[in-house]
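Chemist: I'll drop the sequence and a predicted model, then ask my questions.
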Amino acid sequence: MTPGVVFVVAGALGLALIAIGLIFGGLLDLFDVTGGLLSLAPIGAALAIFGAVGVIMLGGGAEAQPAYLVSGAAGVLSLGIGAVFTRYFQRISRGSTVDYNLVGQTAIVTSDVDETGGEVHVEDSRESGRRLATSAALLTEGTRVRVIAHTGSSLRVAPYIAVPENSSPKEGS
């Protein structure tokens with residue numbers, strides 16, 4: 001098989017894997033083939049890049065061996081970058097993008113919150129933006145709430161009840 005055919009076949013296979021990954025989702029994740037490190041998209045992208053770089057180099061007059069080396073390096077680099085992004089997106093889906101817990105923090109409802117969902121803005125310097133939240137009771141926009149659970153990227157909130165500073169029993173009464 002000539003180098004040009006190898007590159008074209010590898011590129012076509014890569015594009016097919018990307019398409020399969022888009023249609024059927026995380027097929028490799030389902031079978032846990034790579035321990036959650038990769039999915040079809042980065043593997044397909046690596047093959048497609050390998051093929052494309054090889055074809056470009058051969059078209060530019062390069063010999064087969066340098067074309068294999070450069071396109072192989074580009075494919076491996078692409079695979080490494082894909083693995084990093086796959087890990088990052090898995091962390092986001094598990095909600096472990098932060099290393100702190102928001103339980104006990106106060107927040108303001110920015111979109112009505114109920115059992116099915118809504119949004120809050122947490123009053124914490126480490127937070128910027130809104131978070132998805134649920135509540136046992138309907139909480140309307142503008143209501144002050146307290147975070148009672150922090151699971152992944154989602155929060156469980158309840159109405160904020162202020163405790164008076166002099167709530168302890170008075171001595172000598």
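Modeler: Nice, I can see it.
Chemist: So Gly61 versus Ala67, what's the distance?
Modeler: For Gly61, the distance to Ala67 equals 10 Å [CB to CB, to the nearest Å]. Just so you know, the C-beta spots here come from the backbone N, C-alpha and C atoms, and that holds for glycine as well.
Chemist: same thing with His150?
Modeler: As judged by CB to CB, His150 and Ala67 stand 52 Å apart.
Chemist: The two: who's more crowded?
Modeler: Neighbour count, other CB atoms under 10 Å: between His150 and Ala67, Ala67 has more, with 22 against 19.
Chemist: Setting aside sequence neighbours, what's the nearest residue to the more buried one?
Modeler: Distances taken as CB to CB, 6 or more residues apart in numbering put Met57 closest to Ala67, at 4.0 Å, once the chain neighbours are dropped.
Chemist: show me where pLDDT drops low in the chain?
Modeler: Applying pLDDT under 70 to the chain flags the ranges 25-38, 90-100, 128, 165-173.
Chemist: Do you have the helices of it handy? List them.
Modeler: 3-24, 27-31, 40-59, 64-94 (DSSP state H).
Chemist: okay, these in JSON lines with distance to Arg126 next?
Modeler: Conversion of the helices of the chain to JSON lines gives the following (distance: least, CB to CB, whole Å):
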{"stretch": "helix 3-24", "distance to Arg126": "34"}
{"stretch": "helix 27-31", "distance to Arg126": "30"}
{"stretch": "helix 40-59", "distance to Arg126": "31"}
{"stretch": "helix 64-94", "distance to Arg126": "17"}
